[in-house]
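Colleague: compute the structure for the input listed below.
(2 chains)
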Amino acid sequence: MHNLKELRKNLEHFKKKFEERNVDFDIIDFKKKDTLNRDLINKKEKLEQEKKYLSKSKDKSNFEKSKKISQEISNLEEKQTLCQSEIDRIIFSLPNLAHDDVPVGKDEKFNKLIKKKGDIKKFSFKTKSHVELGAKNQNIDFETSIKLSGSRFVVLKGKFAMLERALINFMLDTHINYFKYTEISPPLIVNEEVMFGTGQLPKFKDDQFEIKFDNSDQKKYLIPTAEVVLTNLVRKTIIEKNLLPKRFVASTPCFRKEAGSYGKDTKGMIRQHQFYKVELVSITEPNKCLEELERMLGCAESILEKLDIPYQVVLLSSGDMGFSAEKTYDIEAWIPSENKFREISSCSSCGSFQARRMGAKYKSEIGTDFVGTLNGSGLAVGRLMIALLENNQNEDGSINIPNVLKKYMNNLEKI
RNA sequence: GGAAGAGUGGGUGAGCGGUUUAAACCAGUUGGUUGCUAACUAACCGUACGAGUAACAUCGUACCGAGAGUUCGAAUCUCUCCUCUUCCGCCA
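Modeller: Coordinates of the predicted model:
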């Protein structure tokens, strides 16, 4: 969310920046509503002032007049509330502004390749996809998951289930012990305000799973990513500057409707309604966001390096970034069966965009101001598993377990 | 799920229809005095929105868990909801 005063002052600039993100911002309409709104507020406040004065006088002859004013106030209030909600509807759905070093462009074609790491292995045999590799002994069992839950779910069995758990524990341990993130075990169901805070609501309602609670019209949602809970840990707080940065890590299931992706990645575990993800979140001073973003990217990269999986890092263009981000790096891992790199992590700086929505501030000598927030996958477990299975396969369909994972896999050499 | 009680500024906590402009205390900030690991003292000390300013300053309005209602007037009365505490029940 943007500072309304800033927006008001630099309408043209904002409009241009929104265009970079494929969002049309109607200046004339906004100006009209904003002017009307302020006019209504002014009128209302004048009447309130008068009413206050009359009621203090305790003069009976004024009671009738005071009543009339009350009536007028509630009329104005109704109009103003309506006007306000129209303005809110607009500004709640405006995305963050792309940072200056973000390439401008309407879609992923304008993303910028930053680096490539690791050697893509040349196999002497015909490689299998993770679906084929998992079909053996039904280790990756889509038949059963369809019976249980429908499409875009999966049942993992035996050593494959263990491998998922091993990857989670390996990543958590790395981020906790080596990069000094604080481990969090958060709720997976959150309320509406929390979803608003990180920007999932109101604009992306259709992507979320809403939970129905009995005897309550209060809405709850399954988290689409731990970013939502971890970032909102500082919601409505004022943090002492010397306690920043705060760094949180959690492994949670993530739930997504994947609306609008019908027919996309229908085979295998690439795109699921439910998947595990290890998520990193940093709360910093706003002017240290970009510095922290580089650090976070490094933390996420280190996982792939330790597992020896080839990957590339891409700087997203203005049109390809998520709603709350000002700058985003995607890490893409090599997937042999598709003969291409696939997104396995997304690390974003959100500046103070989310903090403003959450009411998260910090206190320094100068005063209080909104914090900066960052989030990044470190990494998406399902996709990491795909990458690991496919990159480490042998001709007989077995999978070599990388050294760093062995202690999490009962010291197995392969599965 | 049942019963009872409670939600007031960063914290403690008064007020229970109109000089409350939300007391007082603690914490915090800034200055002063004495002094030496502190004490005393004065002022300041919330958030949002609006007006105002180059930016401060300043001014206005609202905010006592949330929302609605009663009233000329609501922190105070009524209703609904939320949260917390205690007890009982159920449960991993």
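
Colleague: got the contact list for the residue lying closest to A:N169 once chain neighbours are set aside?
Modeller: Nearest residue to A:N169 in three dimensions, chain neighbours excluded: A:Y408, at 5.2 Å (Cβ to Cβ, 6 or more residues apart in numbering). Backbone N, C-alpha and C define where each C-beta goes, glycine included. With contacts taken as Cβ atoms under 8 Å, 6 or more residues apart in numbering, A:Y408 has the following neighbours: A:R165, A:A166, A:L167, A:N169, A:F170.

Colleague: number of nearby residues for A:Q274?
Modeller: 16 (other Cβ atoms under 10 Å).

Colleague: hmm, I was thinking of A:K33
Modeller: As a burial measure, A:K33 scores 17 neighbours (other Cβ under 10 Å).

Colleague: same deal with A:K220?
Modeller: Applying other Cβ under 10 Å, we find 17 other residues in the vicinity of A:K220.

Colleague: isn't it right next to A:L188, touching?
Modeller: No: with contacts defined as Cβ atoms under 8 Å, A:K220 does not count as touching A:L188, sitting 10.3 Å away.

Colleague: quick one: low-confidence ranges for the stretch 251-400 of chain A?
Modeller: Confidence mapping of the stretch 251-400 of chain A against pLDDT under 70 gives the ranges A:365.

Colleague: all strands of the stretch 251-400 of chain A, in order?
Modeller: With DSSP state E, counting those that start in this stretch, the ranges of strands along the stretch 251-400 of chain A come out as A:274-284, A:311-315, A:327-335, A:340-349, A:361-363, A:368-370, A:372-380.

Colleague: of those, which approaches A:V23 most closely?
Modeller: Comparing the strands of the stretch 251-400 of chain A against A:V23 with Cβ to Cβ, the closest turns out to be strand A:327-335 (16.1 Å).

Colleague: helix, strand, or coil at whatever residue of chain A ends up closest to RNA strand B?
Modeller: Nearest to RNA strand B, among the residues of chain A, is A:S66, at 2.9 Å (Cβ to the nearest atom of the strand). Assigned state for A:S66: helix (three-state reduction, DSSP: H, G, I helix; E, B strand; the rest coil).

Colleague: in space, what's closest to it - neighbours in sequence excluded?
Modeller: Counting by Cβ to Cβ, 6+ apart, A:S66 lies nearest to A:L54, which is 4.5 Å off, once chain neighbours are set aside.

Colleague: for that neighbour, what are its contacts?
Modeller: Taking Cβ under 8 Å, 6+ apart as the criterion, A:L54 is in contact with A:N62, A:K65, A:S66, A:I69.

Colleague: and A:A98, by the same measure?
Modeller: A:K17, A:E20, A:R21, A:V104, A:S318, A:M321, A:E326, A:K327.

Colleague: so the fifth one touches A:E108, yeah?
Modeller: No: in this structure, A:S318 is not within contact of A:E108 by Cβ under 8 Å, at 11.2 Å.

Colleague: looking at these two, which is more packed in?
Modeller: Neighbours per residue (other Cβ under 10 Å) separate A:S318 from A:E108, with A:S318 holding more: 26 against 13.

Colleague: and that one, backbone torsions?
Modeller: A:S318 has phi and psi values of phi -60, psi -40 when expressed as degrees, to the nearest 10.

Colleague: same check on A:K112?
Modeller: Note on A:K112: backbone dihedrals following degrees, to the nearest 10 are phi -120, psi 130.

Colleague: state the pLDDT value of it.
Modeller: pLDDT recorded at A:K112 is 95.

Colleague: tell me how many other residues crowd it.
Modeller: For A:K112, using other Cβ under 10 Å, the count is 14.

Colleague: what's the answer for A:A259, then?
Modeller: The number of residues packed around A:A259, counting by other Cβ under 10 Å, is 11.

Colleague: same question, A:M409
Modeller: Residues contacting A:M409 under the criterion other Cβ under 10 Å number 19.

Colleague: swap in the one 5 residues further on?
Modeller: Close neighbours of A:K414, defined as other Cβ under 10 Å, add up to 13.

Colleague: so it touches A:I401, yeah?
Modeller: Yes: counting by Cβ under 8 Å, A:K414 touches A:I401, with 5.9 Å between them.

Colleague: according to the record, where do the domains of chain A fall?
Modeller: According to the domain assignment given by automatic domain parsing, chain A is divided into the following structural domains: A:26-92, A:108-406.

Colleague: deepest-packed of those, please.
Modeller: For the domains of chain A, the stretch with the most neighbours on average is domain A:108-406, a mean of 18; neighbours defined as mean count of other Cβ atoms under 10 Å.

Colleague: and A:Q200, how close does it get to A:S66?
Modeller: Distance from A:Q200 to A:S66, counting by Cβ to Cβ, to the nearest Å: 45 Å.

Colleague: brain fart, A:G199
Modeller: In this structure, A:G199 and A:S66 are separated by 44 Å, where distance is defined by Cβ to Cβ.
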